[in-house]
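Engineer: need coordinates for the following:
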Amino acid sequence: MFPIRLALSCLACAGLLLSAPALAFDSPFRSFLPRSAQKPEAPATPSPGATLGYPGDSSRCPQFFPQKRLLPRLDVSPQRRLREVCFDAFVSLHSGQSRTPVLVIERLTRRQLTDARDEERTNRFYAEARLPSAERATPDDYRNSGFDRGHMAPAADMPTAQAMAQSFSMANMVPQAPQNNRGPWADIEKDTRRYVLRSRGAVQVYTGVMFPARPRTIGDNQVWVPAQLYKLVYDESENRAWAHWIDNSNDASSSRPISYAELVKRTGIEFLPGLNPAN
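Structural biologist: Numbering: from 1, shown residues only. Predicted coordinates:
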């Protein structure tokens, strides 16, 4: 008799869980559900009340920005813990909250990309010692996570051995779906390089991420997983800009570029304050 009552109680519990989706998705049971059954996270929309500015108000590496002075204006709310980290070939705006970069900026030229062709890829990922330990990711956070360590400033853009080594800093990495990273995103990077090789002058490239309202995390340091990635290309000599936008998933595919104005609307970031680039 007792086993029958126990079985009926278990069936009742199971029925309660199945009839209460909010409980199933918002409780510890969520991590045991197959991915297809988990509640999808909507992309976070820019906060209309966000404090816009630049970390520290000025840059220690202005050479990467248009006219060496036009700094992007983005959400610098204290909880994001944004810090500027300068490298030889790019600058990372890193968030101690997500333990990832939120925006990485490069200034690419034909000469730089020509020099980059003979640089050997190192694949030596390392934690960024210039960041507080509580705000940084380590290579181990990505181990067995199902995500690639996705470069924001691509290794293939690096013109020297030192710049190549620096590109493997975790301050230049986000968790990226493997098929995305090695497929459509790699194509976007190649298309950008092809454009720079044809351009008359320097081209600024802004690579960033958007997080869902309730981000998934990986590793002991709880590194946030982006919902989308984007790449803004700005040709200063032509005053033209366009952006690539893609979901961070294995089945994502690249689509037609979006306008600069549309990217600003989606992200809430003024990448080129005071400018009105054409598409």
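
Engineer: most centrally placed residue in this protein?
Structural biologist: The chain has residue 209 as the residue nearest its centroid, 3.3 Å off, counting by Cα atoms, centre = their mean.

Engineer: got the contact list for that residue?
Structural biologist: Shown in contact with residue 209 (Cβ atoms under 8 Å, 6 or more residues apart in numbering): 100, 101, 102, 152, 174, 226, 228, 229, 230, 248. Backbone N, C-alpha and C define where each C-beta goes, glycine included.

Engineer: identify the residue nearest the first one in space, chain neighbours excluded?
Structural biologist: This points to residue 100. residue 174 (4.6 Å; Cβ to Cβ, 6 or more residues apart in numbering).

Engineer: list the beta-bridge partners for the one you found.
Structural biologist: With DSSP bridges as the criterion, residue 174 is bridged to residue 150.

Engineer: my guess is it contacts residue 228. True?
Structural biologist: No - counting by Cβ atoms under 8 Å, residue 174 sits too far from residue 228 to count as a contact (10.8 Å).

Engineer: so those two - more neighbours on which side?
Structural biologist: Neighbour count, other Cβ atoms under 10 Å: between residue 174 and residue 228, residue 174 has more, with 30 against 19.

Engineer: ok, that one to residue 139 distance?
Structural biologist: Note on residue 174: its distance to residue 139, by Cβ to Cβ, to the nearest Å, is 13 Å.

Engineer: same deal with residue 219?
Structural biologist: For residue 219, the distance to residue 139 equals 9 Å [Cβ to Cβ].

Engineer: who does the strand or helix carrying residue 85 pair up with?
Structural biologist: If you go by DSSP states H and E, residue 85 is part of strand 82-86. Here strand 82-86 is paired, per DSSP bridges, with strand 91-95 (antiparallel).

Engineer: what mean pLDDT would you report for the partner strand?
Structural biologist: What strand 91-95 shows for mean pLDDT is 98.

Engineer: so what touches stretch 176-190?
Structural biologist: Against stretch 176-190 from outside (Cβ under 8 Å, 6+ apart): 146-150, 154, 156-157, 226, 229, 231, 244, 246-254.

Engineer: okay, and the residue nearest to the centre of the chain sits in which element?
Structural biologist: strand 203-210.

Engineer: if I look at the residue nearest to the centre of the chain, how far off is residue 118?
Structural biologist: Look at residue 209 and residue 118: by Cβ to Cβ, they are 30 Å apart.

Engineer: so how far is stretch 75-92 off the chain centroid?
Structural biologist: Offset of stretch 75-92 from its chain centre (Cα atoms, centre = their mean, to the nearest Å): 13 Å.

Engineer: for that stretch, measure first residue to last.
Structural biologist: Distance across stretch 75-92, first residue to last, is 15 Å (Cα to Cα, to the nearest Å).

Engineer: for stretch 255-262, same thing?
Structural biologist: Start to finish, the residues bounding stretch 255-262 are 14 Å apart (Cα to Cα).

Engineer: what ranges does the stretch 1-150 of the chain have for its helices?
Structural biologist: Assigned by DSSP state H, counting those that start in this stretch, the stretch 1-150 of the chain shows helices spanning 2-18, 21-26, 110-116.

Engineer: mean pLDDT lowest for which of the ones you listed?
Structural biologist: For these, where the average pLDDT is lowest is helix 21-26, sitting at a mean of 34.

Engineer: how does the protein divide into domains?
Structural biologist: 2-31, 52-267 (automatic domain parsing).

Engineer: show me which helix or strand of the chain is least confident by mean pLDDT.
Structural biologist: helix 21-26 (a mean of 34; mean pLDDT, DSSP states H and E).

Engineer: any idea how far the nearest residue to residue 56 once chain neighbours are set aside lies from residue 161?
Structural biologist: For residue 56, ignoring the flanking residues on the chain, the nearest one in space by Cβ to Cβ, 6+ apart is residue 84 at 6.1 Å. Taking Cβ to Cβ as the criterion, residue 84 is separated from residue 161 by 24 Å.
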